[in-house]
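In: Coordinates for the following, if possible.
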Amino acid sequence: MNAATQTQPDRRIRVLLAKPGLDGHDQGAKVVARAMMDAGFEVIYTGLRQTPEGITRIALDEDVDVIAMSSMAGSHLPFCRKLRPLLLEAGLGDKLWLIGGNLPQQDHAALRELGFKGIFPTGSKLDAIADYIRENVA
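Out: Have a look, this model is predicted:
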């Protein structure tokens with residue numbers, strides 16, 4: 001196992017990958033999940049139609065290092081605005097928050113202001129996502 005994918009000597013980086021809201025497009029998320037596993041991360045994939053409350057609960061229950069979402073349906077900003085306070089209230093503000101998918105450039109600043117540090121629009125390289133996680137997980 002690569003030391004760069006570990007948070008502690010005996011624990012791999014744990015990544016929660018969620019599909020928010022009514023977004024029914026999951027092929028890309030499954031490709032990303034597989035690539036993250038291949039990169040040495042432990043991946044918890046939620047499946048489709050997750051609520052902000054559900055994502056928060058899973059992140060807590062699974063003790064993840066990364067909270068990542070794949071959004072293709074265009075509802076990323078309203079969803080992230082609902083998710084942010086829940087993550088903060090749950091004490092998950094120190095986790096790395098990522099979002100990928102159909103994310104127009106004009107929305108990137110708002111997503112960063114909400115706390116999503118890593119923004120990966122459709123077409124982002126899988127290695128770039130893995131490298132970003134390795135470099136930014138405390």
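In: tally of neighbours for the nearest residue in space to Gly74 that is not next to it in sequence?
Out: The shortest distance from Gly74 to any non-neighbouring residue, by Cβ to Cβ, 6 or more residues apart in numbering, is to Asn102 (6.4 Å). (C-beta placed from N, C-alpha, C; glycine too.) By the criterion of other Cβ atoms under 10 Å, Asn102 has 16 neighbours.
In: Repeat that for the one 4 residues further on.
Out: Here the count is done by other Cβ under 10 Å, and Gln106 has 7 residues near it.
In: and it, what pLDDT?
Out: What the model reports as pLDDT for Gln106 is 97.
In: From Arg134, how far off is it?
Out: Counting by Cβ to Cβ, to the nearest Å, the gap between Gln106 and Arg134 amounts to 29 Å.
In: same question, Asn102
Out: According to Cβ to Cβ, Asn102 and Arg134 sit 25 Å apart.
In: averaged over its residues, what pLDDT does the longest helix belonging to the chain have?
Out: Identified as the longest helix of the chain according to DSSP state H is helix 76-89. Helix 76-89 shows a mean pLDDT of 97.
In: Same check on stretch 111-122?
Out: Rounded mean pLDDT across stretch 111-122 is 96.
In: again, but for stretch 23-41
Out: Averaged across stretch 23-41, pLDDT comes to 89.
In: Residues contacting that stretch, please?
Out: The contact list for stretch 23-41 (Cβ atoms under 8 Å, 6 or more residues apart in numbering) reads 1-2, 4-5, 12-15, 17, 19, 43, 45, 47-49, 66, 68, 70-73, 75, 100-101, 122, 126-127, 129-130, 133.
In: Only the buried residues of stretch 128-136, if you could.
Out: In terms of neighbour count (16 or more other Cβ atoms under 10 Å), stretch 128-136 has its buried residues at Ile129, Ala130, Tyr132, Ile133, Arg134.
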